[in-house]
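>>> Can you look at this prediction? I've put the sequence above it.
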Amino acid sequence: MDNRAPITDRDTIGSGLSVLQLRRRIDDLTRLISDMVWETDADLRLRSLSLRVVDILGFHPQVYIGKLLSEFGHFLSPAGDQISIDLHAPFRDVMFMVKNHANEDRILLVSGLPVFDETSGRFLGVRGTARDITANRLVAEALRQSEERLKRAIEASNDAFWEWNVPGEKAYFSGVWARLLGLAFRNSMIDIADWNQAIHPEDRKRTTHALTERLLYDVSFELPEYRVQTADGRWIWILTRAQVVARDADGKAERVVGTHRDITGRMDAAEKLRMAKEEADLANRAKTEFLANMSHELRTPLNSIIGFSDILANETFGPIGRPEYQEYANDINESGRHLLNLISDILDVSRIEANGLQLVETACDLSRLVGSCLRLVRERAGKAGIEIKKDLLADPPALYADERRVRQIVLNLLSNALKFTPRGGTVTVCVRRNDDEELVISVADTGIGIATEDLEAVMSPFRQVDGSLARRYEGAGLGLPLSKRLAELHGGTVFLESEPGKGTVASAVFPRHRILDPIGR
C-alpha cells in the first residue's frame, strides 16, 4: 500500500523549484516552439494542451480539455477529403481541420503516438504535436492554380513554348508544337539534333550560326526568320524568341526558354507584296521608257504645227485675205504650244521618276527670276481681270539652284493661281525667309480655294479635285506635283495652305544651305 501524500503545486523538486514553477516553465517552453503539444486519456478526450494553442487558434486550452478531437475538428486526406484515423496506432503528418476564434478554417499537421501501460499493456491515451500549416497550404494552392492557369495559357496560345537544356541537348516543347508540326514531334522532349534536321537546308547554317552568336553574349534575343518542315512535308516559316535563364561558372548558357511563332501567313503576304512591287516597278519603268522614247515623235510634228501656224498668223509670205483664217491660225498656234507644254510636263515627271533629270545649278538672282515670270503671265492676268502683286525682300539673296527649274516652279504656281482666281481677284508673289531660315517663294491667290480633304489629291500627278467648280478648269493636274518634285530635287518641298472660298497659298521651300549672299554683294 502506497501511503505517500499526493504532490501539490507547493511541493519542491530536487532543483529547488516548486511544481507550479516547473509547470510554468514547461508552458513557456511549449509556447515558444512552433508545434502545439497535446495528450488524451484512454477515452481519447484531451486532458492536456500546450499554451501554443492560444497563438494558433485564439482559444485557451481549457476550451478543449475533456473533448474528443472529433468534437471540434476532423482529419483530412491529401486530396482534402474527410477521413478517419486509428488513434491506437502511431501516425505522422496527417492534416486536421479546425475552426479558430474567428470561425476561420485552420489546417493543422498532426502527429501522434499511443501510450500503453508498461506492465499490463493497457491503452492509456495518445500524445502528439500539431503544427499550423494554413499559410503553407494557401501558398501551395495559389501556386497550383497559377501553374494551372499558365499551363492553360501556354496550350491556348498560338505560340509554341519551349525550354532547352543546353548541356543535355534536350528540349521540351509545349503541346502547341504538335499542332504546328502535325506528327513531326509527338513527344514533349526531343533531341536538338532532330530539331536541327527539321530546319530547311538553306536556312540551317544561317540559323545555327545566329543561335551560337546569341547564346554567347545575349540574354534575350530573336532569331532571323527560318523554315521548318511539318509531318506532311510542308514548309512553314518560324519566328524564334528566346531568353537565357541560366549560365554556368564559365558563362556558357545552360538553360534557355523561348517561343516559336508560325509566321507563314506574314511571310507569304510579304512575298506577294514584293512581287507586286516588282511588277509595278516594271510597269512604271516601261511607262517611263515609252514616254522618253516618244519625246522625239511627239515634239517633231508639234514643232511643225507651231512653226507653220506662226507663218500663217504672222502672214510671213503675204496677207491671207480673210481675218477668220488668221484667227484660226492663232488658235492652232496656241493649241500647239499648250500641247507642247503639256507634253514637256509629262516628260519631266517621267524623267524625275526615272532619276533621269539632272540639275544644272548656278547662283540665281531671285529678283530677276521672279520679275521675268511675272512679265510672262502679266498679259494673261490682264485679260482675266486679275491684279498681280509682288512682295520681295528688300535685298533678296541668291539661290544656288537650277534656274530653269526654279522658274518652272514659279510659273506653275502662278499659272495655277491665275487659273483658279475669278475676275477682280488678286495674285501675290512673295519671297521671304521662314523661322528655320529657309527660303520661301509663295504665291497667294483669292481664288476658289481647296478643301482640306482634297489637298493630298492635288499634289498627286494626273489627279484633280472632283468638284463642279474645279472641273470647269483645264489642265492635266501636273503643275503642282511637278513643282513639288522639282523642289524635292533641290532638297526642299512645296506645300499648300487653303480654305474654300477664300483662296490658296502655294509655297516652295528651299533649304538654307542653298541661300547665298545677294547677287553683286
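Done, it's in. Numbering: from 1, shown residues only.
>>> Could you list the low-confidence segments of the stretch 201-350 of the chain?
Applying pLDDT under 70 to the predicted model, the residue ranges of the stretch 201-350 of the chain that meet it are 288-300, 334, 338, 341-342, 345-347, 349-350.
>>> quick one: the strands in it?
In the stretch 201-350 of the chain, the strands defined using DSSP state E, counting those that start in this stretch lie at 220-222, 226-229, 235-247, 253-262.
>>> Make CSV out of those and add distance to V427.
C-beta here means a position set from N, CA and C on the backbone, and glycine is covered the same way. Listed next are the strands of the stretch 201-350 of the chain as CSV, based on distance: least, CB to CB, whole Å:
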stretch, distance to V427
strand 220-222, 57
strand 226-229, 62
strand 235-247, 57
strand 253-262, 59
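>>> Can you add mean neighbour count and give those strands back as TSV?
Below are the strands of the stretch 201-350 of the chain laid out as TSV (neighbours: other CB atoms under 10 Å):
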stretch	mean neighbour count
strand 220-222	14
strand 226-229	20
strand 235-247	17
strand 253-262	19
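>>> Looking at those, which is nearest to G307?
With CB to CB as the measure, strand 235-247 is the member of the strands of the stretch 201-350 of the chain nearest G307 (63.5 Å).
>>> List the strands paired with the closest one, with their directions.
Each strand pairing with strand 235-247, determined using DSSP bridges, is listed with its direction: strand 220-222 (antiparallel), strand 226-229 (antiparallel), strand 253-262 (antiparallel).
>>> List the residues that contact N412.
Contact analysis of N412 by CB atoms under 8 Å, 6 or more residues apart in numbering lists 479-480, 482-483.
>>> Which pair of those residues spans the longest distance?
Among these, the pair separated by the greatest distance (CB to CB) is L480 and L482, at 7.3 Å.
>>> thinking again about what came up before, between the strands paired with strand 235-247, which gets nearest to D436?
strand 220-222 (39.4 Å).
>>> pLDDT score for the residue nearest to L374 when sequence neighbours are not counted?
Nearest residue to L374, sequence neighbours excluded (CB to CB, 6 or more residues apart in numbering): I388, at 6.0 Å. pLDDT, the model's per-residue confidence, is 91 for I388.
>>> starting at the chain centroid, how far to stretch 480-496?
With CA atoms, centre = their mean, to the nearest Å as the basis, stretch 480-496 stands 32 Å off its chain's centre.
>>> avg pLDDT for that stretch?
89.
>>> residues making contact with it?
Here stretch 480-496 makes contact (CB under 8 Å, 6+ apart) with 345, 348-349, 352, 357, 359, 401-402, 405-406, 408-409, 412-413, 416, 438, 450, 455, 458-461, 504-511, 513-514.
>>> Just the buried residues from the residues you listed, in PyMOL please.
Filtering the contacts of stretch 480-496 down to the buried ones (16 or more other CB atoms under 10 Å) takes a single PyMOL command:
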select buried, resi 345+348+349+352+357+401+402+405+406+408+409+412+413+416+438+450+455+458+459+461+504+505+506+507+508+509+510+514
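>>> Next step: the contacts of stretch 480-496 restricted to strands.
For those, membership in strands holds for 401, 504-510, with DSSP state E as the criterion.
>>> Now render the strands paired with strand 235-247 as CSV, adding distance to A142.
Conversion of the strands paired with strand 235-247 to CSV gives the following (distance: least, CB to CB, whole Å):
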stretch, distance to A142
strand 220-222, 28
strand 226-229, 38
strand 253-262, 22
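>>> out of the ones you listed, which comes closest to T421?
The closest of the strands paired with strand 235-247 to T421 is strand 220-222. By CB to CB, the value is 57.6 Å.
>>> list the contacts for A246?
253-255.
>>> partners of the helix or strand encompassing I107 in the sheet?
Element membership for I107 (DSSP states H and E) is strand 105-116. Taking DSSP bridges as the criterion, strand 105-116 pairs within the sheet with strand 91-99 (antiparallel), strand 123-132 (antiparallel).
>>> What average pLDDT does it get?
Within the predicted structure, the mean pLDDT of strand 105-116 is 92.
>>> buried ones in that strand?
Under the neighbour-count rule (16+ other CB under 10 Å), strand 105-116 has 106-110, 112, 114-115 buried.
>>> All the helices of the stretch 151-300 of the chain, residue numbers only.
Listed in chain order, the helices of the stretch 151-300 of the chain (DSSP state H, counting those that start in this stretch) span residues 176-181, 192-198, 201-217, 264-314.
>>> From P90, how far off is the closest residue to R92 other than its chain neighbours?
Of all residues not flanking R92 in the chain, S111 sits nearest, at 4.5 Å (CB to CB, 6+ apart). Taken as CB to CB, to the nearest Å, the spacing of S111 relative to P90 amounts to 8 Å.
>>> For the stretch 1-150 of the chain, just list every one of the strands.
Under the criterion DSSP E, counting those that start in this stretch, strands of the stretch 1-150 of the chain are mapped to 36-40, 46-49, 73-76, 82-83, 91-99, 105-116, 123-132.
>>> Just the residues contacting the fifth one, thanks.
This means strand 91-99. The list of residues contacting strand 91-99 from outside it, by CB under 8 Å, 6+ apart, reads 57, 69, 72-78, 82, 85, 105-112, 130, 133.
>>> for that strand, the distance to its chain's centre please.
Its chain's C-alpha centre lies 53 Å from the corresponding centre of strand 91-99 when counted by CA atoms, centre = their mean.
>>> That concludes my questions; thank you for your assistance.
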